[in-house]
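# sequence-free structure coming up:
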């Protein structure tokens, strides 16, 4: 059976130096952008990272309940974003330095898994978030196996015979020889598990393995539920579940129609741009709100809307919502 000595790991770790630098900066730069170049942890300002996190919600895989809890509890969301940012800073910096490389590789793997499951479906052109996620997962796995070689603080401390580098735990959390007798099964099983995760998420999010390709970031999609007329008000819930995360759906028309298409009541873009905050009950931190010429609905936003209307009819009615792009959504008005 082939064995790997300390020199083998030192060499392998050295060969990953360039990768460590790039991956480390990828994570550290998230902290740098959010707190040093610009503060994106201010809840009341545009660019708040919590709103970006809200964008993940509609089609997240496996972790949707966690995201939904956070975006409905703003205080917990803010703390989660702070902790997430600090962890990214530590993981990124330590990976670049090669300090406790294997422990930080677990951090890379975990952060990338979160990105993959939460936002792997987002990406208007190159499946951006999915690619970042799967490459991060595979990189974390590989760096755990190699550790840091020449060019890492782990190697420097070990070379200078610091006492903690001789402990068994250092091999698991730092660098050097992994204290595992047979690595072959771990490498093979782990590698194919990462490949399986890649193919599975590629298919679920984008249909990229077989069948019809799809991209949920291309155009907006709204879900309309609980549509009813009550006490001279049209009430309904709207939830934007697809479309580009950096661009809202701009609603320029809401219409109440008969089944034959006759318009009984209409709110145009000007009327929607003047809606009162009392007409919109937002549920998540991404808010539906009046814009200059329309009603703006960000990705992941959900709200209960109530619009004043006075109609005396027994006909079955249809609610029609019209986006500036020409896309329309309809729902039957309940009795």
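Received it, and whenever you're ready, just let me know what you need. None of these values were measured; they are calculated from a predicted model.
# in the one helix or strand residue 329 maps to, which residues are buried?
Taking DSSP states H and E as the criterion, residue 329 maps to strand 328-332. By 16 or more other C-beta atoms under 10 Å, the buried positions in strand 328-332 come out as 329, 331. C-beta here means a position set from N, CA and C on the backbone, and glycine is covered the same way.
# output the contacting helices and strands for it.
strand 221-230, strand 317-323 (3 or more C-beta pairs under 8 Å, 6 or more residues apart in numbering; DSSP states H and E).
# pretty sure residue 69 sits against residue 80.
No - with contact defined as C-beta atoms under 8 Å, residue 69 does not count as touching residue 80 (9.6 Å).
# show me which of these two is the more surrounded one.
Taking other C-beta atoms under 10 Å, residue 69 and residue 80 do not tie; residue 80 has more neighbours (18 against 12).
# who are the contact partners of the more buried one?
Counting by C-beta atoms under 8 Å, 6 or more residues apart in numbering, residue 80 touches residue 70.
# residue ranges with poor pLDDT in the stretch 151-300 of the chain?
Across the stretch 151-300 of the chain, nothing is flagged by pLDDT under 70.
# and the strand holding residue 329 with strand 317-323, angle?
160 degrees (axes from the mean of the first three to the mean of the last three C-alpha atoms, to 10 degrees).
# so residue 150: helix, strand or coil?
Secondary structure assignment for residue 150 (DSSP: H, G, I helix; E, B strand; the rest coil): coil.
# domain map for the protein?
Residue ranges of the domains in the chain are recorded as 6-206, 221-332, according to automatic domain parsing.
# format these as CSV; extra columns: distance to residue 212.
Shown next, in CSV, are the domains of the chain (distance: least, C-beta to C-beta, whole Å):
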stretch, distance to residue 212
domain 6-206, 10
domain 221-332, 16
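# which residues does the residue nearest in space to the middle of the chain contact?
The centroid of the chain falls nearest to residue 119 when counting by C-alpha atoms, centre = their mean (3.2 Å). Neighbouring residues of residue 119 by C-beta under 8 Å, 6+ apart: 55, 56, 60, 129, 133.
# tabulate the helices and strands packed on strand 328-332 (a markdown table), appending distance to residue 246 and mean neighbour count.
Below are the helices and strands packed on strand 328-332 laid out as a markdown table (distance: least, C-beta to C-beta, whole Å; neighbours: other C-beta atoms under 10 Å):
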| stretch | distance to residue 246 | mean neighbour count |
| --- | --- | --- |
| strand 221-230 | 16 | 15 |
| strand 317-323 | 16 | 21 |
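# among those, which comes closest to residue 167?
Among these, the nearest to residue 167 by C-beta to C-beta is strand 221-230 (54.3 Å).
# how far does the closest one sit from the chain's center?
Strand 221-230 has its C-alpha centroid displaced from the chain centroid by 26 Å (C-alpha atoms, centre = their mean, to the nearest Å).
# counting contacts, what elements does it pack onto?
Partner elements for strand 221-230 (3+ C-beta pairs under 8 Å, 6+ apart): strand 233-242, strand 317-323, strand 328-332.
# okay, how far is it across stretch 51-60, tip to tip?
15 Å (C-alpha to C-alpha, to the nearest Å).
# contact partners of that stretch?
Here stretch 51-60 has contacts from 64, 67-68, 70-71, 77, 81, 117-119, 121-122, 205, 216, 239-242, 245, 284-286, 298-301, using C-beta under 8 Å, 6+ apart.
# check those for burial and list the buried ones.
If we count by 16+ other C-beta under 10 Å, those have these buried: 67-68, 70-71, 77, 81, 117-119, 121-122, 205, 216, 239-242, 245, 284-286, 298-301.
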